[in-house]
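[1] turn this into a model:
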Amino acid sequence: MEKGKNIFQSKYMVPILALFACFLWGSAFPVLKISYREMALASEDIYGKMLFAGYRFLLASLFLIGWKIFSKRGSSLKVKKEDLPFLIRLGLLQTTLQYFFFYIGLANTSSVKSSILNSLGTFFIVVVSHFLYQDDRLNLNKTIGLVVGFLGVIIINLKGDFNFSFKFIGEGFIILSAVTSTIAAIMVKNSRHELDRVLLTAYQMFIGSLILIFIALFKISPFSLNFTFKGVLLIIYLAFVSAAAFGIWFNLIKYNRLGYISIYRFSIPVSGALLSALMLAEETLSFRAIIALIMVSFGIIMINRREKRA
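    Residues are numbered from 1 along each chain as shown. Just a heads-up that it's a prediction; the model follows:
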C-alpha cells in the first residue's frame, strides 16, 4: 500500500474494492428473485416488497452497528446533534425514496427498461461531477469509458421487450430513483461531518428502513411476509450485501473522485446477469452477457488509463 494512504486510497485496492461492492450488489438480483418466490411475493406486491426492503436495511444497519461495537473501531456510537438532520435527509433519499421509486417503477415497466434507466444514475453522477468538482472533469478517455460502459448495460438487456413508451409512475419513477441515488452520492461526497463512514451508512439505513416499513404498514401487516427458514437465510445474506457494499462504497466516495468511482457501477447489471445464469434455472449465460462484460471492462480500463496519468 502506498505510504500515508489507507486502503480506500490505494490505486491497487480501489478498483478491487469498487468491483467487489458492485459484485455484491449484482448478486442481489438473483437472490432477490429467489427470496420473492420463497416468501410468495407477487411481482405486483409493491408494499410487500417495501416491507421486505425495510426489514433488509434495518438488519443491515444493525449488522454495521454490531460490527463497530465488537471490532471496537471508533470510540463512540453517539451522533452529534448537528449530524441528525443530515442523516435523516440521507436516509430519506438513499434508502426510502430510492427504493420507493424503484419498486413502484419496476411494477409499472419492464425489468429491461428498469435496468437501463437505472444505469442513468451513473451518467448523472459523472456529468454532475464534471461541473461540481474541478479535479473530476470529463475528458476523452472518461467519455469513451462512460459511453462504452453504458452500451454494455444496454446489450445485456437486449431481450426484445424494450420500447420507447413512457409512463411517469413506471419509467419516470425509475429515473427518479436514479436521481435520488445521484443526489445521495453527492451529499456523501460533500459531507463535512466527522461521523465515521460505517456509522453514517448504518444510521442512514436505520432511518430510511424505518420509514419504508412505516409506509408499507399503511397497507399490510408487519407479519404478512412468509418467513421460512430459507427465507430468513436469504434476507440475512441480502442485509450483509447492503451493509458491506454501502460501507465500502461510502468510504470510496469519501477518498476518491466521485465520477471515477461511479463508472464501476456499470458492472452491477452485468455481474447480476452472470450470477443469475449460475443461480436461476430459467436464466442462461448468453453471448450478450459476455459481450457486455467485455465492454464494461473496457470502459473501466479507459477510466483507469486517465487515473494513472493524474
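[2] so which strand or helix has Arg89?
    Taking DSSP states H and E as the criterion, Arg89 maps to helix 84-90.
[3] name the residues of that helix that come out as buried.
    For helix 84-90, burial by neighbour count (16 or more other Cβ atoms under 10 Å) applies to Phe86, Leu87, Leu90. For glycine as for every other residue, the C-beta is placed from the backbone atoms N, C-alpha and C.
[4] ok, stretch 106-125 next?
    In stretch 106-125, counting by 16+ other Cβ under 10 Å, buried: 106-110, 112-125.
[5] any weak-confidence spans in the stretch 101-250 of the chain?
    Along the stretch 101-250 of the chain, the model assigns pLDDT under 70 to residues 110-113, 157-166, 193.
[6] so what's the gap between the helix holding Arg89 and the chain middle?
    19 Å (Cα atoms, centre = their mean, to the nearest Å).
[7] put the alpha carbons of it into CSV.
    This file holds the C-alpha atoms of helix 84-90, laid out as CSV (Å, rounded to 0.1, in the frame of the first residue of the first chain):
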residue,chain,number,x,y,z
LEU,A,84,-29.0,14.3,12.8
PRO,A,85,-30.6,16.5,10.0
PHE,A,86,-28.0,15.3,7.5
LEU,A,87,-28.6,11.6,8.5
ILE,A,88,-32.3,12.0,8.2
ARG,A,89,-32.0,13.6,4.7
LEU,A,90,-29.6,11.0,3.5
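[8] that helix packs against which elements?
    Contact partners of helix 84-90 among helices and strands, from 3 or more Cβ pairs under 8 Å, 6 or more residues apart in numbering; DSSP states H and E: helix 173-190, helix 197-216.
[9] wait, which of those helices is closest to Lys80?
    Across the helices and strands packed on helix 84-90, the minimum distance to Lys80, taken as Cβ to Cβ, is reached by helix 197-216, at 11.2 Å.
[10] any idea how far Ser115 is from Ser71?
    36 Å (Cβ to Cβ, to the nearest Å).
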